[in-house]
Each structure stands twice: as C-alpha cells, then as structure tokens.
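> I'd like to go over a predicted model; first the sequence, then the structure.
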Amino acid sequence: MITALDIGGTKLAAARVQEGRVLEAARIPTPSDRSPEALIRVVLELLEPLLGGSKALGVAATGTVRAGKVTAPNPETLPWTEVDLAGRLCAATALPTFVLNDADAAAWGEACFGAGRGVASFLFVTVSTGIGSGLVLEGRLHQGSELGFTRLEDGGFLEHAASGAALDRWAVEHGLAGAAEVVARSETDPGAAAALDRSARLLAAKLLDLERVLNLERVIVGGGLGLAPAYLERLRGFTGPGLAVVRAALGAEAGLIGAAAWAECGLEAQLARTHLG
C-alpha cells in the first residue's frame, strides 16, 4: 500500500492507494497561508491517519519539480521556490518519498490504470483553471513538458488565452458568471459559442503540432473544462479524425493514483540499485 498526496492550488487530497484503487481518502481546501512551513504542517496533519502500513509516499504537486524540489511558476497558486518537498516529507514521515508534477502524475495514472493503459505514446492534457500536460513516450514519463506555457503567434501563452481562467475573464466582460456559464450557453449564445470555439481551436492547433512531431497515438483530456461535452466535441472537431482525442478515465483521483504508481516505480528502482550495488 502507498500513501499518496495531491497538492493543488485549491485543494489538498491524500489517500491510501493499492494497485490503482483508492482505499481511503481525505480532502480539504488549500489553506490561505501557503508558505512552505505552514502548508507542509497542514499536509502532515492530513497525511497522519493514512500513513499506517504504507511502503512509501507519492506526491503530486502543482509547479515544476526537479529532484524532489518544487518551484511554482505562479506565485499566487503556490509561492514556492526550490522547496525540498521530498526531503521534508521523508524526514517527517520516515517514508521513502517521491514527488512529481501534478499533471505528470495524472498522466502516469492514466498510463498505468486508465485511458493510456497499453498505449506507448500519448499526451495527457488537463484543461481547467489552467492548462497542464503530461507526456508519455514509448512507455516512459517525459517530465518537464508544460503545454500551457508554450507560445502563440501573438507572443502570449496558450494557458492565458485558452484556459478556464481565460473563459472566466471573457465571461465577466460579457456579463456572465464564469467559464461554466459560457459552456452552458454555448449551444444557444453565438458569443459564448465563439469564445469556446477559440479556446478549443487554440489548443487543437498545439495538439496537432505535437502529434506530428512526436507520433502520438492519442491525446487524453481531463479537467473540468476539458471534460465538458461541449468543449470536448469542439476539440475533436478542430483536431479532426487523424488524432484520437479521448476522455480521461480516472477523474479527480488521477493525480493520487499516478503519484502512488510513481512511488511504486521509485521503490522498484531503489531495490534494483541495491541489488546491483
């Protein structure tokens, strides 16, 4: 059994996971004090009831992860720079700890137990408040890819133009409540339909470019906006029949399941190194 943790901008989730199944889970809103010391203290309280009998701790975290250290590109989400999350949690829990980006974790979860199972090369993309991505090539997780921060022709970022937050801004400018209302009105309101079209078209162009370069077998789409039928239908329309665009299978638990699976891989790698040594 593995204990998994998902650190997001709006929620913290922890779970006991075994072979791709969440046995027990707890979720709380991400606290307003997001300094490393304060947030790690809250995380440890959340984890404590879920650590018994665990072999390792797998962590999915928003931001850039290198060698277990987390840096968040958006300081409003998580104001961290080179925070040694793996080291701190390992010291506090006495468990081997493995940390990866949250979209990478979701991609790995889909690879092991979801819509990417048995697929050699695919891109996982989550479209919600932001746009995150995880890339699996020839069965290996390629860490470091971040689709949302690729550039558009006007020099802006894809995430700033095509995400749920971008639709939220458009909605406010046009007297609507937010992205959810844009989606709901897209079948009857030409303005809402055009806004949703633009978001899906911009993302589709990036997906087609990546498919041509990387020879992807499919794109797996998750996230609150990405899984909305009106959005997914448009995305498929803009990508065309040559690229398989499928729904993510693991839902909100993808990050937890993927983090646990990544920790299992980490334990196996450690064991192999021990035997070689």
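The structure has been received and is ready for your questions.
> quick one: low-confidence parts of the chain?
73-76, 145, 275-277 (pLDDT under 70).
> can you map out the strands along the stretch 101-250 of the chain?
Along the stretch 101-250 of the chain, the segments classed as strands by DSSP state E, counting those that start in this stretch run 122-127, 131-137, 140-142, 218-222, 245-247.
> among those, which is nearest G178?
strand 122-127 (14.5 Å; C-beta to C-beta). To be clear about C-beta, it is placed using only N, CA and C from the backbone, and glycine gets the same treatment.
> coming back round to it: columns mean neighbour count and distance to G155 on top of the strands of the stretch 101-250 of the chain, output as CSV?
CSV is the format used below for those (neighbours: other C-beta atoms under 10 Å; distance: least, C-beta to C-beta, whole Å):
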stretch, mean neighbour count, distance to G155
strand 122-127, 28, 21
strand 131-137, 25, 17
strand 140-142, 16, 26
strand 218-222, 24, 25
strand 245-247, 18, 27
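> Of all the ones you listed, which one is nearest P79?
strand 131-137 (18.5 Å).
> Which of the strands of the stretch 101-250 of the chain sits closest to P36?
When the strands of the stretch 101-250 of the chain are compared by C-beta to C-beta, strand 131-137 sits nearest P36, at 21.4 Å.
> Report the separation between the spatially closest residue to A115 that is not a sequence neighbour and R218.
Closest residue in space to A115, ignoring its immediate chain neighbours: A249 at 4.3 Å, by C-beta to C-beta, 6 or more residues apart in numbering. Using C-beta to C-beta, to the nearest Å, A249 is found at 12 Å from R218.
> Need the residues touching each of the two.
A115 (C-beta atoms under 8 Å, 6 or more residues apart in numbering).
> Output the strands of the stretch 101-250 of the chain as a markdown table; include the columns distance to A67.
Formatted as a markdown table, the strands of the stretch 101-250 of the chain follow (distance: least, C-beta to C-beta, whole Å):
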| stretch | distance to A67 |
| --- | --- |
| strand 122-127 | 22 |
| strand 131-137 | 18 |
| strand 140-142 | 15 |
| strand 218-222 | 26 |
| strand 245-247 | 32 |
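> Quick one: closest of the ones you listed to D154.
Comparing the strands of the stretch 101-250 of the chain under C-beta to C-beta, the one sitting nearest is strand 131-137, at 16.5 Å.
> I'd like to know which elements the closest one is packed against.
Using 3 or more C-beta pairs under 8 Å, 6 or more residues apart in numbering; DSSP states H and E, the elements in contact with strand 131-137 are helix 102-113, strand 122-127, strand 140-142, helix 158-162, helix 190-214.
> Format these as JSON lines; extra columns: distance to Q270.
Converted to JSON lines, the helices and strands packed on strand 131-137 look like this (distance: least, C-beta to C-beta, whole Å):
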{"stretch": "helix 102-113", "distance to Q270": "17"}
{"stretch": "strand 122-127", "distance to Q270": "26"}
{"stretch": "strand 140-142", "distance to Q270": "17"}
{"stretch": "helix 158-162", "distance to Q270": "35"}
{"stretch": "helix 190-214", "distance to Q270": "30"}
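> What segments of the stretch 1-150 of the chain are helices?
Assigned by DSSP state H, counting those that start in this stretch, the stretch 1-150 of the chain shows helices spanning 36-47, 85-93, 102-113.
> want to throw these into TSV with mean neighbour count and distance to G58?
Below are the helices of the stretch 1-150 of the chain laid out as TSV (neighbours: other C-beta under 10 Å; distance: least, C-beta to C-beta, whole Å):
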stretch	mean neighbour count	distance to G58
helix 36-47	16	11
helix 85-93	18	10
helix 102-113	28	8
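> Now render those as CSV, adding distance to E159.
Formatted as CSV, the helices of the stretch 1-150 of the chain follow (distance: least, C-beta to C-beta, whole Å):
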stretch, distance to E159
helix 36-47, 23
helix 85-93, 23
helix 102-113, 12
